[in-house]
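**Student:** here's a sequence, model it:
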Amino acid sequence: MDLIVTATSQGLLWGTMALGIFITYRILNLPDMTAEGSFPLGAAVTTQLIINGMDPFLATAVSFVSGMLAGAITGILITKGKVPGLLAGILTMTGLYSINLRIMNRANLSLLGESRVTDIFRSFELPSQFDSIFLGLIIVTVVILLLALFFKTELGQAVIATGDNEKMARAMGITTNRTKILGLMLSNGIIAMSGGLVAQDNGYADISMGIGVIVIGLAAVIIGEVVFGNLSFVNRLICVILGAIIYRLIILLVILLGLNPNDLKLISAILLAICLALPSLRNALQLNFFTRKERMD
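**Tutor:** Numbers count the residues shown, from 1 in each chain. Purely as a prediction, here's the structure:
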């Protein structure tokens, strides 16, 4: 039971990161590798600021701003430098590795004995990991509500239009370069904030925290879509969170089955590949079924 609770709490916190991945990969239709640099950036900034005496909530807010700056760099490379999206993200991610090391001054930074955002639940004397679950629920609820409100605005609709059809968006008078930069800033801000929250939950920040973030985020997005299907925008955001929880539970099942924990990245990649292939396989099976039915008729 404790392991399920832990997996759920981790799924909620990592699900926040998946919401950021959802913005770039599903709304902007842009492959962005910046996430693997902005996630540990948020963790490094939050941890270092807390150690230096800053309030954990304010430190987490600063991590959001740091992620927005990282996203802005990628956006400028894409729009002003005409660098391909995938390469621009890799360049920013590579540069952030050195920046994160400079922020932490070492490869690993501990929060042992320091205050954290989960301390607000200390007086409730909750069971282990339930403070992280309540914090995760509050965070994802606020983020989903704010995203839902933003994407209903004219500016938010412009971001959606840019991802759907950039040429058509330009024809409608939308400055697509601006909306791309804005979308990347929003995405990486959320991802960095998630990094700060995960660092506080784990009790440390590590330079290698960003490895595999893209796979985890995409797995959450794809699992949510495959399991729950096509839904409204808000429900899709909720399904991303549920996908992240399901992903964590699958990883927990893999560990309980006795597989080597060193193979988790490989298992994650295989799981994502299966989820990506499922819609095509399902369509192919449906097509074969209807074809055979027509022949029989």
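**Student:** CA atoms for contacts and neighbours, from now on please.
**Tutor:** Will do.
**Student:** what segments of the stretch 51-200 of the chain are helices?
**Tutor:** Using DSSP state H, counting those that start in this stretch, the helices of the stretch 51-200 of the chain run over 56-79, 85-104, 130-150, 154-164, 166-171, 176-202.
**Student:** mean neighbour count, mean pLDDT and distance to Leu231 added to those, as CSV?
**Tutor:** Shown next, in CSV, are the helices of the stretch 51-200 of the chain (neighbours: other CA atoms under 10 Å; pLDDT from 0 to 100; distance: least, CA to CA, whole Å):
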stretch, mean neighbour count, mean pLDDT, distance to Leu231
helix 56-79, 23, 95, 28
helix 85-104, 18, 93, 28
helix 130-150, 17, 90, 14
helix 154-164, 19, 91, 16
helix 166-171, 14, 89, 23
helix 176-202, 27, 93, 21
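**Student:** turn these into a markdown table, including distance to Val227.
**Tutor:** Below are the helices of the stretch 51-200 of the chain laid out as a markdown table (distance: least, CA to CA, whole Å):
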| stretch | distance to Val227 |
| --- | --- |
| helix 56-79 | 30 |
| helix 85-104 | 28 |
| helix 130-150 | 19 |
| helix 154-164 | 23 |
| helix 166-171 | 30 |
| helix 176-202 | 23 |
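**Student:** show me the one of the ones you listed that comes nearest Leu259.
**Tutor:** Proximity to Leu259 (CA to CA) singles out helix 176-202 among the helices of the stretch 51-200 of the chain, at 22.8 Å.
**Student:** and the helices of the stretch 51-200 of the chain: which comes nearest Pro40?
**Tutor:** When the helices of the stretch 51-200 of the chain are ranked by proximity to Pro40 (CA to CA), helix 176-202 comes first, at 5.8 Å.
**Student:** okay, angle between that closest one and helix 130-150 too, please.
**Tutor:** Put simply, helix 176-202 runs at 170 degrees to helix 130-150, going by axes from the mean of the first three to the mean of the last three CA atoms, to 10 degrees.
**Student:** what's helix 176-202 packed up against?
**Tutor:** helix 2-22, helix 35-51, helix 56-79, helix 154-164, helix 166-171 (3 or more CA pairs under 8 Å, 6 or more residues apart in numbering; DSSP states H and E).
**Student:** with distance to Lys265 as added columns, please give those helices in CSV.
**Tutor:** Listed next are the helices and strands packed on helix 176-202 as CSV, based on distance: least, CA to CA, whole Å:
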stretch, distance to Lys265
helix 2-22, 15
helix 35-51, 14
helix 56-79, 24
helix 154-164, 30
helix 166-171, 34
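**Student:** out of the ones you listed, which is closest to Asn188?
**Tutor:** Of all these, it is helix 56-79 that lies closest to Asn188, at 4.9 Å by CA to CA.
**Student:** who touches that closest one?
**Tutor:** 34, 38-39, 41-43, 45-47, 49-50, 83-85, 88-89, 92, 115-117, 177, 180-182, 184-193, 196-197 (CA atoms under 8 Å, 6 or more residues apart in numbering).
**Student:** make it 7 Å
**Tutor:** 38, 42, 45-46, 49-50, 83-85, 88-89, 92, 115-117, 177, 180-181, 184-186, 188-193, 196 (CA atoms under 7 Å, 6 or more residues apart in numbering).
**Student:** which parts of the helix or strand hosting Ala244 are buried?
**Tutor:** For Ala244, the element it lies in under DSSP states H and E is helix 233-256. Neighbour counts over helix 233-256 (16 or more other CA atoms under 10 Å) mark 236-251, 254 as buried.
**Student:** ditto for stretch 14-33
**Tutor:** Residues of stretch 14-33 classed as buried: 14-28, 30-33 (neighbour count, 16+ other CA under 10 Å).
**Student:** before we move on, the earlier item: between the helix holding Ala244 and helix 130-150, how many degrees?
**Tutor:** 150 degrees.
**Student:** state the distance from Asn260 to Ile251.
**Tutor:** The gap separating Asn260 from Ile251 is 11 Å, by CA to CA, to the nearest Å.
**Student:** next one: Ile90
**Tutor:** Distance, Ile90 to Ile251, using CA to CA: 27 Å.
**Student:** equivalent analysis for Ile245, please.
**Tutor:** Counting by CA to CA, the separation of Ile245 from Ile251 is 10 Å.
**Student:** same thing with Leu12?
**Tutor:** 14 Å.
**Student:** what of Thr6?
**Tutor:** When Thr6 is compared with Ile251 (using CA to CA), they lie 12 Å apart.
**Student:** could I get the contacting residues of Met172?
**Tutor:** If you count contacts by CA under 7 Å, 6+ apart, Met172 has none.
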